[in-house]
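Q: quick one, structure for this:
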Amino acid sequence: MIFKIDSTSRDAVNAFITRQWVTLDMVVHGESIDLSTSDGFYSYENEEINGLITYRIKDNEMEILSLDSLLHNKGYGTELLNKAIHKARNIGCHRIMLITTNDNLNALRFNQKRGFNIVKLYRNAVDESRKLKPQIPFVGMDNIPIRREIELELIL
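A: Numbers count the residues shown, from 1 in each chain. Below you'll find the predicted structure:
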């Protein structure tokens, strides 16, 4: 089942974020963002969170900050993303954007299959982000060096 993050779920959501991202801080575009206060939705089954999407709204745009699903190919990630898209439409957003890194081929594939388009590549952006969050690894998925941020968007 999908639930909106609220005060009763915040501690469990923050613990989930920390397990997935090491800290509650997400660094994107050279900005440190505190995910402990971000809005979003989570999927909950068997008395535990198994997926989470967080976002922020700015200037009639939704920026997806994180999307994690512990159970792949079960539809939880898609359901969470659809919930966020529905929310963005309901509040009048005209665009949803997100940033991922060049090693995250799963995120690139997942989001493009759901209508997102790659619109920008930020060369060496992750080197700058490491200055704010040194926990960002130098090598990521499939032994790919993490260097670039890739921006994707969905026009609503």
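Q: correct me if wrong, but Glu63 is in a strand.
A: Yes - Glu63 forms part of a strand when assessed by DSSP: H, G, I helix; E, B strand; the rest coil.
Q: first vs last residue of stretch 45-63, how far apart are they?
A: 26 Å (Cα to Cα, to the nearest Å).
Q: tell me the mean pLDDT over that stretch?
A: Averaged across stretch 45-63, the pLDDT comes to 94.
Q: what's the answer for stretch 117-134, then?
A: Per-residue scores along stretch 117-134 average to 94.
Q: how about the secondary structure of the residue nearest the centre of the chain?
A: Closest residue to the average C-alpha location of the chain: Ser66 at 1.6 Å, with Cα atoms, centre = their mean. With three-state DSSP as the basis, Ser66 sits in strand.
Q: mind jotting down where the strands sit in the chain?
A: 2-4, 25-28, 31-34, 39-45, 48-58, 61-69, 95-101, 117-122, 149-155 (DSSP state E).
Q: the fourth one pairs with which strands?
A: Which is strand 39-45. strand 2-4 (antiparallel), strand 48-58 (antiparallel) (DSSP bridges).
Q: and it, what's buried?
A: For strand 39-45, burial by neighbour count (16 or more other Cβ atoms under 10 Å) applies to Asp39, Gly40, Phe41, Tyr42, Ser43. All C-beta atoms are positioned from the backbone trio N, CA, C, and that covers glycine.
Q: just the closest of those residues to Arg148, please.
A: Nearest to Arg148 out of the buried residues of strand 39-45 is Gly40 (Cβ to Cβ; 25.1 Å).
Q: correct me if wrong: that closest one contacts Tyr55.
A: Yes - using Cβ atoms under 8 Å, Gly40 is in contact with Tyr55, at 5.8 Å.
Q: and for those two, which residues touch both?
A: Leu65, Ala84 (Cβ atoms under 8 Å, 6 or more residues apart in numbering).
Q: list the contacts of the closest residue to Ile85 other than its chain neighbours.
A: In this structure, Ile85 finds its nearest non-sequential neighbour in Ile96, 6.4 Å apart by Cβ to Cβ, 6 or more residues apart in numbering. By Cβ under 8 Å, 6+ apart, Ile96 lies in contact with Glu61, Met62, Glu63, Ile64, Ala84, Ile85, Ala88, Phe116, Glu153, Leu154, Leu156.
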